[in-house]
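>>> Quick one, structure for this:
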Amino acid sequence: MSSPSRRAVRPEEPRDRLFAAAVETFAAQGFHGTTTRDIAAAAGMSPAALYVHHRSKEEILFRISRRGHETTLGILRAARASSEDHVERLRAVVRDFVTYHARSHTSARVVNYELAALAPEHLDEITALRHAIDAEVQAVVRDGVDAGVFACPEPRIAAAALLSLGVDVARWWRDGGAWTPEELGEHYADVALRIVGVVR
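Predicted coordinates for the structure are as follows:
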């Protein structure tokens with residue numbers, strides 16, 4: 001019986017390198033300011049290599065956007081399921097949402113601010129994910145209102161405000177700032193309780 005082959009650590013797959021390079025170049029230059037040559041150069045590959053793995057620059061943007069929105073939705077669902085207590089559940093949702101947007105600020109800028117560049121069929125898919133994200137946060141706020149824990153006359157507006165605050169973190173956050181992502185998440189969780197009007 002032959003011994004198992006000892007495989008060296010594989011280099012990053014070309015598709016993943018192109019994906020990461022697209023995130024960086026789109027974030028720095030915008031979708032329309034970025035060429036396929038820019039992406040390939042950032043990945044250390046030839047321009048022709050991009051089309052081996054992706055049909056177009058727009059398709060890469062769609063893949064970035066879909067991964068980001070699916071990750072966000074998963075984070076929110078896990079946070080929502082983490083507690084039966086309405087206050088703690090809201091804190092978890094906002095804390096985890098904000099922390100993720102700070103940690104992943106580069107990709108989150110692309111995901112949230114390049115939507116207009118998506119093809120109509122891709123935008124429809126991303127819009128459905130965004131509606132699901134909205135629904136998760138709205139449900140957390142609405143459940144707290146129904147239970148008499150939050151004094152919030154317009155749960156949908158409160159949820160929209162909370163999501164906007166979290167998304168905007170990706171616009172201004174930079175590594176090495178005054179707060180860690182976790183500290184920022186905790187602070188925003190405190191702010192969230194004020195927005196929904198926790199009944200004491």
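>>> What number of neighbouring residues does the nearest residue to residue 147 once chain neighbours are set aside come out with?
Closest residue to residue 147 apart from its sequence neighbours, by Cβ to Cβ, 6 or more residues apart in numbering: residue 86 at 5.6 Å. The way it works is simple: take the backbone N, C-alpha and C, and place the C-beta from them, glycine included. A count of nearby residues for residue 86, using other Cβ atoms under 10 Å, gives 20.
>>> May I have the residues that are in contact with residue 86?
140, 143, 144, 147, 149, 150 (Cβ atoms under 8 Å, 6 or more residues apart in numbering).
>>> Could you do residue 141 as well?
90, 150, 152, 155, 158, 159, 162, 196.
>>> distance of it from residue 171?
23 Å (Cβ to Cβ, to the nearest Å).
>>> Same question for residue 37.
Applying Cβ to Cβ, the value for residue 37 to residue 171 is 27 Å.
>>> quick revisit: most neighbours among the contacts of residue 141, which one is it?
Neighbour counts for the contacts of residue 141 peak at residue 90, which has 28 neighbours (criterion: other Cβ under 10 Å).
>>> Hmm, residue 196 is touching residue 150, no?
Yes - contact criterion Cβ atoms under 8 Å: residue 196 and residue 150 qualify, at 4.1 Å.
>>> Just checking, which helix or strand of the chain averages the lowest pLDDT?
Lowest by mean pLDDT, DSSP states H and E among the helices and strands of the chain is helix 47-53, with a mean of 81.
>>> Point out where the protein drops to low pLDDT.
For the chain, the stretches flagged by pLDDT under 70 are 1-12.
>>> can you list the domains in it?
10-55, 56-196 (the TED database).
>>> who's in contact with stretch 30-49?
With Cβ under 8 Å, 6+ apart, stretch 30-49 has contacts from 14, 17-18, 20-22, 24-26, 29, 50-51, 57, 60-61, 110, 114, 117.
>>> Mind listing what's buried along the lengthiest helix in the chain?
Criterion DSSP state H: the longest helix present in the chain is helix 120-146. Going by neighbour count (16 or more other Cβ atoms under 10 Å), the buried part of helix 120-146 is 122-123, 126, 129-130, 133, 136-145.
>>> go on, stretch 165-175?
Within stretch 165-175, the residues that qualify as buried are 165, 166, 167, 169, 170, 173, counting by 16+ other Cβ under 10 Å.
>>> Out of these, flag the one nearest to residue 106.
Among the buried residues of stretch 165-175, residue 170 lies closest to residue 106 (Cβ to Cβ), at 8.0 Å.
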